[in-house]
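Novice: Structure for this input, please:
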Amino acid sequence: MLLLTEEQDAITNWAEGFNQISFDTFLAGAGGRRIADFSSPLNAMPRITLEFVNWLGQNPEHLVPILQAAVSKFPNHEEKPRLQQAAQRIAAVLARQQVAGPPWQASLIEGVPMVNRAQLREVLKDLHAGETHKVIMVDGPSGSGRSHSWHLINYVARRTGNGKPIRNVSTRMRH
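Specialist: Now for the predicted structure:
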């Protein structure tokens, strides 16, 4: 997650000042997002706010535009300095990540080292190029790196917008 705890707090304090309708309207104008993208508009604002902050952490491409819109549209809000600093810091982090190359080549993902996995990286590259793989199955014994592979798949899906990975963790039966 790109958001620091104090940035999460600033976003929470800022967002809790909305009601559901005004927040949904703001989001639509700040990048075409809606509450329904991450929560139910019928939920109470504290829950929507919590789910919004979690969603932003999982969808970093929306962070900077939303934070910049918040600063621009609410210049007198007490959280403006922290939101502005967060937008600047995150823009710099995203720029460094972009320089690092395509997401399937990442060697460090949210603090998790990602090495090897050449075959998986090729499949993820093909997915981005438009080749269709309906299912990617990662299998192996405990300790073989399945969780790291999942982390890479999920990261690439979030960064490219190609699909929504589903993780099925099943226990093997031993005879």
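
Novice: what sits up against the lengthiest helix in the chain?
Specialist: Ranked by residue count, the top helix of the chain under DSSP state H comes out as helix 80-99. By CB atoms under 8 Å, 6 or more residues apart in numbering, the residues outside helix 80-99 that reach it are 2-4, 6-7, 9-11, 14, 60-61, 63-64, 67-68, 70-71, 74, 77, 106. Using the backbone N, CA and C atoms, a C-beta is placed for each residue, glycine as well.

Novice: Direction included, what does the helix or strand following it pair up with?
Specialist: For helix 80-99, the succeeding helix or strand toward the C-terminus, using DSSP states H and E, is strand 108-109. Using DSSP bridges, the strands paired with strand 108-109 are strand 112-113 (antiparallel).

Novice: So which residues of this protein form helices?
Specialist: 5-15, 20-29, 45-58, 63-73, 80-99, 118-129, 146-160.

Novice: Export the ones you listed to JSON lines and append columns for distance to residue 38 and mean pLDDT.
Specialist: Formatted as JSON lines, the helices of the chain follow (distance: least, CB to CB, whole Å; pLDDT from 0 to 100):
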{"stretch": "helix 5-15", "distance to residue 38": "12", "mean pLDDT": "95"}
{"stretch": "helix 20-29", "distance to residue 38": "9", "mean pLDDT": "96"}
{"stretch": "helix 45-58", "distance to residue 38": "4", "mean pLDDT": "92"}
{"stretch": "helix 63-73", "distance to residue 38": "12", "mean pLDDT": "95"}
{"stretch": "helix 80-99", "distance to residue 38": "18", "mean pLDDT": "87"}
{"stretch": "helix 118-129", "distance to residue 38": "24", "mean pLDDT": "82"}
{"stretch": "helix 146-160", "distance to residue 38": "13", "mean pLDDT": "82"}
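
Novice: Output these as TSV; include the columns distance to residue 166 and mean neighbour count.
Specialist: Output for the helices of the chain, formatted as TSV (distance: least, CB to CB, whole Å; neighbours: other CB atoms under 10 Å):
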stretch	distance to residue 166	mean neighbour count
helix 5-15	26	18
helix 20-29	26	15
helix 45-58	15	17
helix 63-73	24	19
helix 80-99	25	15
helix 118-129	14	14
helix 146-160	10	18
